[in-house]
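1. I would like to see how this sequence folds:
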Amino acid sequence: MSIGQAQESRRLVDLIAVAAAVLASIALIQFAADNTTVTLAYAGGLVVLGFIAFIAGRAHAAGGPRDAQPELPDWSVTVSAIEHAELAIAITDRANRLVCANAAYELWFGSSHAPPRLPVDGTSADALNRLGRAAWREGQGAGSVTIADEDRSWTAEATRAGRADDYLVWRFAPVTRSNPLAGMATHITGLLGRVLGAAGIGVALVSPDGMVKAANPLLARRGLGDERASLAGQEFVKLLRSDDRERIFFAREGRKGTPQTLVQVPLADPDAAAAEAVPGKAMAEAPSLMLLIDSGIGLGGWGGEAKGQAAQLQGLLEQLPLGLAATDRDGKFLFANPAFRRAAGVATVDLPPFPSDLVVPRDKTAMSDAVRRHGQGPASSGDIAVRLRADPDEPVSLGLAGVRGLGEAAVLLSLADTTEEARLKRQVAQATKMQAVGQLAGGVAHDFNNVLTAIIGYCDLMLQRHTPGDSDYDDIQQIRANSNRAASLTRQLLAFSRQQTLQPEVLQLPDVLSEVGQLLKRLLGAKITLKVRHDRNLGPVRADPRQLEQVIINLAVNARDAIQAHGGGEGATGTLAFATRRVEAKDIRRMGSEIIPAGDYTVLVAEDTGGGIPADVLGKIFEPFFTTKEMGKGTGLGLSTVYGIVKQSGGFIFAGNAKAPDGSVKGARFTIYLPVHEASEEELQRAVAVQPKREWAGGGTVLLVEDEDMVRAVAERALARHGYTVVTASDGDEGLELVRAGQHQFDMVVSDVVMPSMDGPAMAREIRKIAPALPVLFMSGYAESQLREQIDIAAMHFIAKPFSVQQIADKVAEVLSQARV
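-> Below is the predicted model of the structure:
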């Protein structure tokens, strides 16, 4: 009997028992009351109660354990479930905190890093941030990105999960970089080795210490007498012997066997060999492919006796993933397989007569001498670093081996096809360089902002003691104006390094273009026509309007200079056109871009008639301090500032050339993608409930903590002039001791962020343990958004350096007014 049948039987027995009890009670009531009406009423009441009990029981049975409250997740079970040796899996919550991860994740990234903040390069970090946002937004359709550090690459995916969609499941699969030598041992012991053996060629893979790793059956048969025997672990040189004429024979066969021609092909990374400090070191430390060929066999139509076997061998060499070619003693090409042609950049054209025709003119002599030396001297091998004409910027290592007994063939050349690997290396190097320059620029700008804060502050204090008309008033104004100009340069450096303080607003791009329209016309002059065209139904974007104006102005100045340079001077005529477009998520998917995540965008396109951007310049135009203008006519920060502002605003920028109707290059085109902003409920509520601005004039006691003496002195005098009692400290330790001493009742703390010993955030956390409601105002030259990501302190306020006397006084009053509400 099943469990269900047993339960039904028990319910039937219970029902019979209850029915018997009900009938007995009805009979007792009839006997005691001797009244039919009372008996019927009693029976009806029992029926109603029984029906209610029956319904409740069915509901309980239907609910069962499913109505029980869900238990908290057992993460130990989850960790066991996600264990995977070749796949890193991590789970994060909405605060991007690591909830659990498997062993592969901890091995590759460490448990102290939670996605998307992983120890990868800058480009990968941006891609992970976009992937995380897309996963929270789209759930299952976020797609995947490729990330990398200095050593490895992974494909990353993120999926929203959980009962309330409050977790992200991250998966990282390692990317196996293509290696033309991978699986060589399998090919040697497999079909390729048997085919080579049928042609009379023995082949072995030999380690740098001379031990055999794999060999084809022919070599096993001639070396050990049994083609099924394994040569793995045998010393290769002990399989051979030579006579007084330096002819090579198998040791087992002796001089009774046929002489062999030994060809050694070092399997070294060409890029590593080209970059090594000691020439030939990479070749000596790499495994080699050893070919043992009967001296009577020739290659191809090169003059051997067994031409049928040679033709078969040539066909086999054409299938090898390693680029191989052969020349005669005079250095003239006899043969080159497709892999060699691709690596040399001549896959679609005829093979030139000589190897020296493949390299740049500067390397021709060295190449010719190397081929002649290996072709006419004793059999030897080596490598040479050359620059190919197809890619003169990337040196490659070309392997050479002198061979004998192959008919006309005298030199065997080897070259690996590393085009894709070189492209990836260039991309990583470019991204690393941009990130390093950005960090350097940000650090320099931060230190320079401290100097400018002191200069601007002292100018403000001096101007308060002078009036217009004084002999020193104009000089002080000039100092202040030039200090502000220097501050704008530091803002450009911070914009490139994406450390600038932005004040984003929800806005429409046409409104920003309209604001700067008159200024653009003055910048361009009367000879250059400005055209503006807007698409309909543009989505709003969230960005700093002043920074977007800077982007538009920089693009306009760049276009004006290009038009004038292309047209012959300031009188040149041309056109600059700005256009806004609406791009939906389906359009992005149709584009198939690996850079822009799917979503709705508002696009700004700037197109000029300045002749376009040369191909060799196109990849460098966003680098800081790179300019094609004459000395003294450009800082090289214009387009790098544009790049930094767009990236910090969450957008993307692309540079290219616009084509004329006849197909020629008309001018440059810059395309900026800004994501459409979707207002959250919190933003909508904040927009409805606008708080009135409160003025503060009550004074107060301020703790000022700043390690730079000149900045501390300026801030102290500025606040004291506005009626505040200022107590100063030179570092975080001193500031904390002043609060602990309790001699002053502080109303707020004004502190620098980066200080020796104890920094500003650490001091603020300790002070909050003593005075939890004490407001804190941080001063820094770094971006506010960057600091807020790193500093998690409630009631934290921020003022950017450099600031004027009036700005810091107004900011302190604003913070105190909010604290007293």
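2. Show me the shaky parts of the stretch 101-250 of the chain.
-> 140-142, 176-183, 244-245 (pLDDT under 70).
3. Give me the distance between the residue positioned nearest the centre of the chain and residue 131.
-> Within the chain, one residue has its C-alpha closest to the average C-alpha position: by CA atoms, centre = their mean, that is residue 124, at 1.2 Å. Here the distance between residue 124 and residue 131 works out to 10 Å (CB to CB, to the nearest Å). (Each C-beta comes from the backbone N, C-alpha and C, glycine too.)
4. Who are the contact partners of residue 115?
-> The contact partners of residue 115, taken as CB atoms under 8 Å, 6 or more residues apart in numbering, are 90, 92, 96, 98, 128, 132, 156, 158, 168, 170.
5. Residue 454 too?
-> The contact partners of residue 454, by CB under 8 Å, 6+ apart, come to 708, 710-711, 713-714.
6. Mind doing that once more with 6 Å?
-> The neighbours of residue 454, taking CB atoms under 6 Å, 6 or more residues apart in numbering as the test, are 710-711, 714.
7. where exactly do the helices run in the stretch 451-600 of the chain?
-> Taking DSSP state H, counting those that start in this stretch, the helices of the stretch 451-600 of the chain run over residues 473-496, 509-515, 517-524, 545-567, 585-591.
8. Okay, and residue 768 sits in which element?
-> Residue 768 is part of helix 760-770, with elements assigned from DSSP states H and E.
9. biggest strand in the chain, by residue count?
-> Among the segments of the chain that qualify as a strand by DSSP state E, the longest is strand 391-406.
10. Neighbouring strands of it in the sheet, and parallel or not?
-> Here strand 391-406 has these sheet partners by DSSP bridges: strand 381-388 (antiparallel), strand 409-415 (antiparallel).
11. Run a quick neighbour tally on residue 579.
-> Residue 579 is surrounded by 16 other residues when neighbours are defined as other CB atoms under 10 Å.
12. no, scratch that, I was asking about residue 664
-> Residues lying near residue 664 (other CB under 10 Å) number 10.
13. any idea how far it lies from residue 125?
-> Residue 664 sits 40 Å away from residue 125, going by CB to CB.
14. Most neighbours of all the contacts of residue 115, which one?
-> The most neighbours of any of the contacts of residue 115, using other CB under 10 Å, belong to residue 158, which has 27 neighbours.
15. doesn't residue 171 make contact with that one?
-> No - between residue 158 and residue 171 there is no contact, the gap being 7.8 Å when judged by CB atoms under 6 Å.
16. Give me the phi and psi for residue 772.
-> Main-chain dihedrals, residue 772, degrees, to the nearest 10: phi -60, psi -30.
17. could you point out which element follows the host helix or strand of residue 106?
-> Taking DSSP H and E as the definition, one finds residue 106 inside helix 103-108. For helix 103-108, the succeeding helix or strand toward the C-terminus, using DSSP H and E, is helix 122-138.
18. What strands line up against the helix or strand that that next one is followed by, and which way round?
-> From helix 122-138 onward toward the C-terminus, using DSSP H and E, the following helix or strand is strand 144-148. The partner list of strand 144-148 in its sheet, established with DSSP bridges, is strand 153-161 (antiparallel).
19. thinking again about what came up before, quick one: which of the contacts of residue 454 is the most crowded by neighbours?
-> residue 714 (26 neighbours).
20. Ignoring the adjacent residues along the chain, who's closest to that one?
-> Setting aside the residues directly before and after it, residue 714 is nearest to residue 457 in space (CB to CB, 6 or more residues apart in numbering), at 3.1 Å.
21. Any idea how many residues pack against that neighbour?
-> Taking other CB under 10 Å as the neighbour definition, residue 457 ends up with a count of 25.
22. Same check on residue 185?
-> The local packing count at residue 185 equals 17, with neighbours defined by other CB under 10 Å.
23. what pairs with the closest residue to residue 188 other than its chain neighbours across the strands?
-> In this structure, residue 188 finds its nearest non-sequential neighbour in residue 214, 4.7 Å apart by CB to CB, 6+ apart. Each beta-bridge partner of residue 214 is listed here, defined by DSSP bridges: residue 205.
24. still on that earlier bit, counting neighbours, which bits of the helix holding residue 106 end up buried?
-> Under the neighbour-count criterion of 16 or more other CB atoms under 10 Å, helix 103-108 has 104-105, 108 buried.
25. Dump stretch 221-231 to PDB, keeping only the CA atoms.
-> Listed in PDB are the C-alpha atoms of stretch 221-231, where the atom choice follows Å, rounded to 0.1, in the frame of the first residue of the first chain:
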ATOM      1  CA  ARG A 221      61.100   1.200 -35.100                       C
ATOM      2  CA  ARG A 222      64.400   2.400 -36.400                       C
ATOM      3  CA  GLY A 223      65.700   3.600 -33.100                       C
ATOM      4  CA  LEU A 224      64.500   0.700 -30.800                       C
ATOM      5  CA  GLY A 225      63.400  -2.000 -33.300                       C
ATOM      6  CA  ASP A 226      59.700  -1.800 -32.300                       C
ATOM      7  CA  GLU A 227      57.300   0.800 -33.700                       C
ATOM      8  CA  ARG A 228      55.000   0.200 -30.700                       C
ATOM      9  CA  ALA A 229      57.800   1.000 -28.200                       C
ATOM     10  CA  SER A 230      57.800   4.400 -26.600                       C
ATOM     11  CA  LEU A 231      60.800   6.700 -26.900                       C
END
